Structures are given as C-alpha cells and as structure tokens.
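Peer 1: 3D, please:
(one chain, ligands or ions: 2)
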Amino acid sequence: YRHFLDFATPPSAPNQKGICVNSPDNPPQVSIVVPLYNEIDNVVPLHRRLTTAMCGDQRSYEIVAVDDGSMDGTTQELLQLSKRDAALKLVLLRRNFGQTAAMFAGIQHARGKYIVTIDGDLQNEPDDIPVMLKKLDQGYDLVHGWRVHRQDGWLLRKLPSKIANWIIAKVTKFPVRDLGCTLKAFRCDIARELELYGEMHRFIPILAHWRGARCLEIPTRHHPRRFGQTKYGIDRTVRVVLDLITVKYMLKYFASPMKLFGGLGMICGLMSLIAFAVTGGMKWFGSVDMTGNPLLLLACVTAVASLQFFSLGLLGEVNARIYYANQDKKSYAVRELVNFQPANGEDGISRRAA
Ligand code: UDP
Ligand code: MG
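Peer 2: Ligands and ions are numbered 1, 2, ... in the order given. A predicted model of the protein is given here:
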C-alpha cells in the first residue's frame, strides 16, 4: 500500500481496484466518523491515510465525513473525492454547528457495527484504529485514546486540559487521563444511546460507562497539526467545566431530581423553622423586637427557598417522566438478549440462542 501513503499523488479509488475488501452498499462493519471544519489541506491526506489503515485491517468500512459548514473549499474537495470512492459518505451541515454536533450528525448517519470517531486534521493516527477495533472484538464496548505525547501548546492547551481532566476524574469518579482525545471506537448500540450537546463529545466515555459500557483507555499517538489551524483556545476549558456540572447532575440525579432538590428544600425548611423559633424565643424571653431582628429575614428567605426547591424537584420529576415516556427512552440498557427471536437488528443489541 505504499503509494497510498504518498501524499503528493492524487487519491485513487482503492476499493474499485480490488485492493480493499469493501462493499459499501451493505451495512459496513466499521464506520469512521470525521468532523471537518475548514480543513481543506487535510482532506486528501486524511482520506488516503484512513483508506490505507482500513485496507490493512481487512474489514468493510465507510468513512462518514461531516462537513461542519466549511467556508474554505473543504466541501468541494470532499465532493470531488466522494465521486471516486463510494465508501466515502458525506454529511454536509448547513452551517457551522460545532465539533460535538458534527460528530453527533455523523454518528446518526453511520451504519457500521463499530463506530470510530477521529479528528479531521490528522492529529490522531489512523493506524491506531485497527488496534482499537481488536479491543472491541475482545468484548470491550468503548475504547478511547490517551494522547501520551500530546503535540499541542503547553501553557494554553496541555496544562488546562490536564487540570480539567483531573477535576473531571475527581468529580465523576471515572478514572480517566485524557478525555479530549477524539479518537474513540465504540459499538453502535452504545453510539445510538448517546445524546451529545454543547461540548459533550468529550464526556462520551463517562456517559457510556454510566450506561454500563465496558470502557478501556489505550495510549495513542498524536501529531502536531500540519495544515490549517486549531479552532479552539483557552475559552474551551471554561465551557468544558460548565458541561461537567451538567454531566455530574445527569449521572446522579437525572432520573430522580427530587433527591437533589428535595434535599436542598428540606435543609432550607429546617433552617427556616430554626430561625423562626429563635426569633420567637428572643421576642418572648429577651424582648428583642421581631421586625428589627435579621433572623426573621433569614427565616422568611429560607422558607421561600425551600418552597422553590421542592417545586423544582417536582418539575424535574415530571420532566424525567416525560423524557422517558414520550421519547421512548429507557432507564436501563441491555447488553445481550438470549433466546429471543432475531429482530431486524435495528436496535444494535446482539442476540443469540443459549
Ligand atoms: N471541528 C469541527 N467544527 C468546529 C470545530 C472543529 O468540525 O466547529 C473539527 C475540526 O475540523 C477537526 C476537529 O473538529 O477535525 C478537531 O478540531 P481542532 O483540531 O481545531 O481541535 P484541537 O485538536 O486543537 O483540540
Ligand atoms: Mg486538532
């Protein structure tokens, strides 16, 4: 496959030449989801490297490239390539929706049994993909990369990321070293359950683990960016920390918000009662004027806060029920079904006879 590695020659269509065993019409075994935003110079080398890596792996595959509203001709470049390679599927978004949304769109359109996500700038190593797929074969549900030697700026990228990863690991109690690595491989049933908003794509391993996925973090290679520019700066760390609060809430209280808000309501209610009792006691026994006593204010404020918290909890409970009932979401996740009739396979759950 040496000539595929040569970036200078135009891409040929390896699948049509019979070098790759690939039948893009049937559901492929592997879907590679790549978000691309203004990556014009990376498109051709990326396609070539991915094709080479997957040809070596001998599995049927598709590349789902999501163009996230690029303005620099990435779209045209992708369209050109897709004419020559039927395994290259394109999802063209109307405008720039952000990396997470782009990945989500790609995952929704992917049909493979295994789904791999990778950056479109070749900072991840396509040759790491087969290693991850082997781990999935061994029974893991999700394999995520750890950029051991990350090739980004230290002060603005690596240090904030290290701190963020440390905080996330502490808060979610999920032992993780590098959540920011886009190179991940997971089974399609795990992918189907993911709901990705904001900067949420980096929490995929945690969300999947919460749904019972067997996760594995493996060291992966990382390269400096050769073409184009990074789309992010230090401000992303702030957004990630805000998303962390959402994730923490989801992990712990999503299905029963009353446990959080009811608890807070009870604490406030108790404080209110105590403050009222003390104000009354001070009036009767110490003849301290009630209206001039700041404790009365505390009693009133905590009483109102308590009511607010309880109502929030009730609203949350109603919301959770609407979420699960209306959207056909399940509060459980099935790993495998035994002795059930084989279904159309739409749900991605594996079935077998005992
Ligand atoms: N990306 C995207 N939409 C965006 C920003 C980024 O699809 O709004 C893609 C980008 O093209 C690249 C990947 O997400 O393929 C990672 O982005 P980048 O390299 O800028 O992030 P970094 O590696 O610096 O964290
Ligand atoms: Mg990058």
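Peer 1: just the buried residues of the longest helix along the chain, please?
Peer 2: Ranked by residue count under DSSP state H, the longest helix found in the chain is helix 294-326. Judged by neighbour count (16 or more other Cβ atoms under 10 Å), helix 294-326 contains these buried residues: 295-296, 298-299, 302-303, 305-306, 309-310, 312-313, 316-317, 320. C-beta here means a position set from N, CA and C on the backbone, and glycine is covered the same way.
Peer 1: please apply the same query to stretch 127-135.
Peer 2: By neighbour count on 16+ other Cβ under 10 Å, the buried set for stretch 127-135 is 128-133, 135.
Peer 1: name the helices or strands packed onto the longest helix of the chain?
Peer 2: Here helix 294-326 touches helix 258-286, going by 3 or more Cβ pairs under 8 Å, 6 or more residues apart in numbering; DSSP states H and E.
Peer 1: and the helix it packs on, what's buried?
Peer 2: Buried residues in helix 258-286, counted by 16+ other Cβ under 10 Å: 258, 260-262, 264-265, 268-269, 271-272, 275-276, 278-279, 282.
Peer 1: right, and residue 303 touches residue 274 too?
Peer 2: No. Residue 303 is beyond contact range of residue 274, at 11.4 Å (criterion: Cβ atoms under 8 Å).
Peer 1: got the contact list for the residue of the stretch 251-354 of the chain at minimum distance from ligand 1?
Peer 2: Sorted by distance to ligand 1 under Cβ to the nearest ligand atom, the residues of the stretch 251-354 of the chain start with residue 251, at 24.4 Å. By Cβ atoms under 8 Å, 6 or more residues apart in numbering, the residues touching residue 251 are 172, 206, 210.
Peer 1: closest to residue 104 out of the residues you listed?
Peer 2: Comparing the contacts of residue 251 against residue 104 with Cβ to Cβ places residue 206 closest, at 16.2 Å.
Peer 1: got a pLDDT number for that closest one?
Peer 2: What the model reports for residue 206 is a pLDDT of 93.
Peer 1: wait, is it part of a helix?
Peer 2: Yes. Judged by DSSP: H, G, I helix; E, B strand; the rest coil, residue 206 forms part of a helix.
Peer 1: ok, and the closest non-adjacent residue to it?
Peer 2: Take residue 206 and drop its neighbours on the chain: the residue closest to it by Cβ to Cβ, 6 or more residues apart in numbering is residue 174, 4.9 Å away.
Peer 1: then residue 307?
Peer 2: In space, and not counting its chain neighbours, residue 307 is closest to residue 265: 7.5 Å by Cβ to Cβ, 6+ apart.
Peer 1: you'd agree the one you found is up against residue 316?
Peer 2: No. Assessed by Cβ under 8 Å, residue 265 is found out of contact with residue 316, at 11.7 Å.
Peer 1: what segments of the stretch 1-150 of the chain are helices?
Peer 2: Assigned by DSSP state H, counting those that start in this stretch, the stretch 1-150 of the chain shows helices spanning 2-5, 40-57, 74-84, 99-109, 129-137.
Peer 1: of all these, which lies closest to ligand 1?
Peer 2: The minimum distance between ligand 1 and the helices of the stretch 1-150 of the chain falls on helix 99-109, with 4.0 Å, by Cβ to the nearest ligand atom.
Peer 1: spell out which residues of this structure are next to ligand 1.
Peer 2: Residues of the chain lying near ligand 1 by Cβ under 6 Å from any ligand atom: 35-37, 39, 68, 96, 98-99, 102, 119-121, 123, 230-232.
Peer 1: just the buried members of the residues you listed?
Peer 2: Listed as buried from those are 35-37, 39, 68, 96, 98-99, 102, 119-121, 123; burial here means 16+ other Cβ under 10 Å.
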